[in-house]
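Asker: from the sequence below, what's the structure:
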Amino acid sequence: PITEILSNVNPTKKNVVIIILESFGRENIQRGQTPFLDGLIEKSLFFENGFANGKLSIDAVPSTLSSIPSLMNTSLITSSYSINEVYGLPKILKENGYQTAFFHGAFNGSQNFDQYCKVAGFDNYFGKNEYVGPEAFDGRWGIFDEEFMQYFSGKMTEFKQPFFSTIFTISSHNPYIIPEKYKGKFPKGTTKIQESIAYADYALKRFFETASKEEWYKNTLFVITADHTSSEPTEKKFKTNVGKFRVPILFFDPSNPSIVGKNLKNLQQIDIMPSIIDYLNIDSKMITYGKSYQSEKDFVVYYLDNIYHYVSGDYYLAFDGKKSLGLYNFKKDELLKTNLIKTEKAKTTEMETFIKAYIQSFNERMIGNKLTLQ
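Answerer: Below you'll find the model as predicted:
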């Protein structure tokens, strides 16, 4: 998994802003609750087949920022490997002159994010304790998205460019609290989460309205994804072992109209780091279990309930660590009704060989603390 990105042009030194939206699975967008995000998708490079690498918020942070998938029964952040050396976006970008910061509106210490940020090498962590602004405590988790994202925009205006910052939103987390003043303003939808999804979309819209007036805005690459899908899928296709990992992934660069359109390639959270490094034309050598969006490779790997799930091209393989359980053409057979394991033996063998090597490499590097090249 050693990836070397070599560019023949100078680095662009653009700011990078990653926005991780709580529970914004693919099932919750483009269905009327998220008018702002749906509109932004039209102006972005949108990965129609975007996947999360885990089912928990704490899986999404190492996946997105350090290109480390969650292939264990415990999340990296809470495992005995949480202090392993990692070489992810904060360190790579810092070496290239970036100021780095992580924002999370919840109580400091929540999800162990602040501890992970130290290991990952962020310069600063901004949580509920650091927040300055109108009173906006939701009574449970932390600061409502609208006010915290305004604070986020304001802090970035104080940063020296180029900067790299990440925000993890909170308002669309169970119990889905929305501010009193917005009760009845957003469509309720058909599942419990959807009103709060609509509120979070509104908070995102307000953030972009504020940020777009700042001079750093045009020199920024925005990457938006979700940490994971929500627990109440809206359609059958989101209840399968493929559907329940589908999340939006989009790249939006206000100054680059050429990075727009729908891309059908399979892209996962662990591909975000190499993709950003590639997009910025930064020369780097790193350990990554993903690949750049410009790569020819077309795979996704995730793990749930002791099963490894591997997507390659149009195919999806379920593998239990010893043998393959199912092979499906998930593009033609969205509900995974037709198991092709007996009819497509060559494909099964080819995919099984890849996933075995992938797991072995991951386990060796994790146990041996070899996630960096230093």
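
Asker: what about the nearest residue to Gln269 once chain neighbours are set aside, helix or strand, and which?
Answerer: Nearest residue to Gln269 in three dimensions, chain neighbours excluded: Ser63, at 3.9 Å (Cβ to Cβ, 6 or more residues apart in numbering). Every residue, glycine included, has its C-beta placed from N, CA and C. According to DSSP states H and E, Ser63 maps onto helix 57-66.

Asker: what does Asn363 show for phi and psi?
Answerer: phi -60, psi -40 (degrees, to the nearest 10).

Asker: what count of nearby residues applies to it?
Answerer: For Asn363, the neighbour count with other Cβ atoms under 10 Å is 12.

Asker: Gln115 reaches Pro62, doesn't it?
Answerer: No: applying Cβ atoms under 8 Å, one finds Gln115 not in contact with Pro62, separated by 11.9 Å.

Asker: could you list the residues in contact with the helix holding Ser63?
Answerer: 18, 20, 22, 52-54, 68-70, 75-78, 86-90, 111-113, 116, 120, 166, 168, 173, 225-228, 268-270, 272-273, 371 (Cβ atoms under 8 Å, 6 or more residues apart in numbering).

Asker: and this structure, what are its domain boundaries?
Answerer: If you go by automatic domain parsing, the domain ranges for the chain are 2-296, 307-367.

Asker: tell me which of these is the most buried.
Answerer: domain 2-296 (a mean of 19; mean count of other Cβ atoms under 10 Å).

Asker: what about that one, distance to the chain center?
Answerer: Averaging C-alpha positions (Cα atoms, centre = their mean, to the nearest Å) puts domain 2-296 5 Å from its chain's average.

Asker: now the terminal residues of that domain, how far apart.
Answerer: 16 Å (Cα to Cα, to the nearest Å).

Asker: please work out the average pLDDT along that domain.
Answerer: Per-residue pLDDT values over domain 2-296 give a mean of 95.

Asker: got a list of what Asn263 touches?
Answerer: Applying Cβ under 8 Å, 6+ apart, the residues near Asn263 are Leu45, Phe46, Phe47, Glu48, Tyr293.

Asker: Throw the residues you listed into TSV and include distance to Asp253, thanks.
Answerer: Converted to TSV, the contacts of Asn263 look like this (distance: Cβ to Cβ, whole Å):
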residue	distance to Asp253
Leu45	8
Phe46	13
Phe47	15
Glu48	19
Tyr293	13
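
Asker: looking at these, which is nearest His104?
Answerer: Phe47 (24.2 Å; Cβ to Cβ).

Asker: and that closest one, which of the three is it?
Answerer: strand (DSSP: H, G, I helix; E, B strand; the rest coil).

Asker: am I right that it is in contact with Gly261?
Answerer: No: in this structure, Phe47 is not within contact of Gly261 by Cβ under 8 Å, at 10.4 Å.

Asker: picking that back up, hey, C-alpha coordinates of the helix holding Ser63 in CSV?
Answerer: What follows is helix 57-66, C-alpha atoms only, in CSV (Å, rounded to 0.1, in the frame of the first residue of the first chain):
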residue,chain,number,x,y,z
SER,A,57,-18.3,8.2,13.7
ILE,A,58,-15.0,7.3,15.2
ASP,A,59,-14.2,5.1,12.2
ALA,A,60,-14.7,8.0,9.7
VAL,A,61,-11.9,10.2,11.1
PRO,A,62,-8.9,7.9,10.7
SER,A,63,-10.4,6.8,7.3
THR,A,64,-10.8,10.3,5.9
LEU,A,65,-7.8,12.0,7.4
SER,A,66,-5.2,9.2,7.5
